[in-house]
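Q: The amino acid sequence is not available; the structure is as follows:
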C-alpha cells in the first residue's frame, strides 16, 4: 500500500527545484506553519487520508485530490505528515510557478524512484559506472551527461530524420533500441570516409562526438524508460478525444487532406510543419487532459512562495492539470478549443506557465521533439486514411501511472 502511495505521489512531483532567491520585502512573509492544508494527526500524519476504507481521499484519483485541494484551500496547499516522505506543497498560481522556473539554478534537483536509483547505482553499477544518464540522477553528474547529449537530441534536423521510419511504424509508438543497433552504427561510422551531420541518426551523431559508446547506450535506455508509458498513454487520450469530438476530427482530416491530397505520399518535414491544426489539437488535449498531471521541484534553499516562507527540502508540486483548466490563467478554460493555440487567436488569454506538459527549464523533457513527432505522424497517417469512431459509454479519466481514459478503447475505423 505504501509503495503505491509513494508511486502516485512521485508522479505528481517528478522533478526537482534549485531556487536560490531573495525576497525584497520579508515583513509581510508568513511562516511555513501557516500554509493551509489538511491537518496531520499524531503518528499517522496525513498518510491515513490515503488508506482504503478509512481514508478521506481515493488514492486512484489523484487528479481529483489535486482539484479538491485547490477548491478547499486556495492557491497554495501544504500536505505534510506523509510517512517516509518530505512535505508536498501544491502551487496553483501560474505567476508563482513562472517565478520558480525562471529562478531555478543550472542543476534542478529531481527526486527519483528508489528502484530506479538502485538499478542504476547498484544492480547495474558495472554497466552505468559514473554515467547515470538523465533519469534518476541529479546535480553535476546529470548536468555533465545532459550537456553532452542535448544538442543532437533537441536539434530539429536530428528529429526530421525520423519522419519516414516513424511513418512506417505508426502502430508502434516507440521502437526498441537494442545494443546491436548501436554497435552497427559504430561500425558504419568507422567505415565512412567522410561524415555529413545531416545524414546521421541521433545515435550516430552522439557516437561521432563521443569517444565512449556507452553515452549512446544510456541515452537510448533513458529515452525508452521515460517515453514508452508516457507516449502510449498520451496517444490513447488523443485518439479517444478525436473519436468523441467529430467536429474537431473533421477539421484535422480537412487539413490533412489539403496537405496530402494523395494519402499514399510519404510524409515529409514540410507536411508535418503544415499540420498546424493537428498540432493545436494535441496541445489542447494536453491542456485539458494532461497525461503528466504535475511537474515539480524540490527546494534546495529556503524560498518565499505565495507570501509564505518555505523551507529547504519541501517538494513543490505544479499541478498542470488543474492550472491548465483554471479561468484565472486560461480564457474560457472549460471549452475545448484547439484554435486557442493558433497564432491568429492572440486575444485568448493563456498564461504560458499554466499548461506545461513537458515541464520547463533545465530539466524540461529531453525527448519532447521525438514525442511530438511520433504523435503528429500517427495522427496524420491514421486520420488521413480512416474516420475514427467510438460507440460506447463515455470513459472517465483516471491516474494510474499517467492520466488517461480508464477503460477499453474500442474504436471503429472507417476507411475514408
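A: Here it is on my side, so go on. Just so you know, these numbers come straight off a predicted model, no measurement behind them.
Q: measure residue 335 to residue 326 for me?
A: According to C-beta to C-beta, to the nearest Å, residue 335 and residue 326 sit 13 Å apart. For the C-beta atoms, the positions are set from N, CA and C on the backbone; glycine is no exception.
Q: neighbour-wise, which of the two wins?
A: More crowded of residue 335 and residue 326, by other C-beta atoms under 10 Å: residue 326, with 20 against 10.
Q: Could you report the neighbour count for the closest residue to residue 313 other than its chain neighbours?
A: In this structure, residue 313 finds its nearest non-sequential neighbour in residue 86, 5.4 Å apart by C-beta to C-beta, 6 or more residues apart in numbering. For residue 86, the count of nearby residues is 16 (other C-beta under 10 Å).
Q: I figured residue 86 hits residue 312, correct?
A: No: using C-beta atoms under 8 Å, residue 86 is not in contact with residue 312, being 9.9 Å away.
Q: Do you know the pLDDT at residue 197?
A: The model reports residue 197 with a pLDDT of 57.
Q: typo on my end, it should be residue 96
A: If you check residue 96, the pLDDT there is 96.
Q: Also residue 122?
A: pLDDT, residue 122: 78.
Q: just for the protein, where's the confidence low?
A: Counting by pLDDT under 70, the chain has low-confidence residues at 1-27, 110-113, 132, 134, 136, 168-228, 344-348.
Q: need the helices for the stretch 251-400 of the chain, in chain order.
A: Residue ranges of the helices in the stretch 251-400 of the chain, as given by DSSP state H, counting those that start in this stretch, are 269-274, 276-288, 320-323, 368-385.
Q: now the stretch 51-200 of the chain
A: Secondary structure of the stretch 51-200 of the chain by DSSP H, counting those that start in this stretch: the helices cover 62-73, 94-103, 114-118, 125-128, 139-154, 156-160, 163-168, 179-191.
Q: of those helices, which approaches residue 391 most closely?
A: helix 62-73 (26.1 Å; C-beta to C-beta).
Q: tell me what the closest one is packed against?
A: Helices and strands touching helix 62-73, by 3 or more C-beta pairs under 8 Å, 6 or more residues apart in numbering; DSSP states H and E, are helix 2-12, strand 76-79, strand 88-91, helix 320-323, strand 397-399.
Q: Could you check how far that helix is from the centre of its chain?
A: Distance, stretch centre to chain centre, for helix 62-73: 20 Å (C-alpha atoms, centre = their mean, to the nearest Å).
Q: for it, which positions count as buried?
A: Residues of helix 62-73 classed as buried: 62-63, 65-70, 73 (neighbour count, 16 or more other C-beta atoms under 10 Å).
Q: just the residues you listed now: which is nearest residue 406?
A: For the buried residues of helix 62-73, the closest approach to residue 406 (C-beta to C-beta) belongs to residue 63, at 11.0 Å.
Q: is it possible to export the helices of the stretch 51-200 of the chain to TSV including distance to residue 363?
A: Formatted as TSV, those follow (distance: least, C-beta to C-beta, whole Å):
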stretch	distance to residue 363
helix 62-73	21
helix 94-103	10
helix 114-118	15
helix 125-128	19
helix 139-154	8
helix 156-160	20
helix 163-168	25
helix 179-191	25
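Q: The ones you listed: which one's closest to residue 53?
A: Distance to residue 53, taken as C-beta to C-beta, is lowest for helix 62-73 among the helices of the stretch 51-200 of the chain, at 16.7 Å.
Q: list the contacts for residue 355?
A: Counting by C-beta atoms under 8 Å, 6 or more residues apart in numbering, residue 355 makes contact with 286-287, 290, 320, 323-324, 330.
Q: one more time with 10 Å
A: Applying C-beta atoms under 10 Å, 6 or more residues apart in numbering, we find residue 355 in contact with 94, 283-284, 286-288, 290, 320-321, 323-326, 329-330, 333, 341.
Q: re the thing from before, shared neighbours, residue 86 and residue 312?
A: With C-beta under 10 Å, 6+ apart, residue 86 and residue 312 have common neighbours 298-299.
Q: And the helices of the stretch 51-200 of the chain: which comes nearest residue 41?
A: For residue 41, the closest of these is helix 62-73, at 17.6 Å, according to C-beta to C-beta.
Q: Buried deepest among the helices of the stretch 251-400 of the chain, which one?
A: Burial of those is given as mean neighbour count (mean count of other C-beta atoms under 10 Å); helix 320-323 ranks first at a mean of 26.
Q: So what's the gap between it and the chain middle?
A: Averaging C-alpha positions (C-alpha atoms, centre = their mean) puts helix 320-323 13 Å from its chain's average.
Q: In space, not sequence, find me the middle residue of this structure.
A: Nearest to the mean C-alpha position of the chain, by C-alpha atoms, centre = their mean, lies residue 358 at 4.0 Å.
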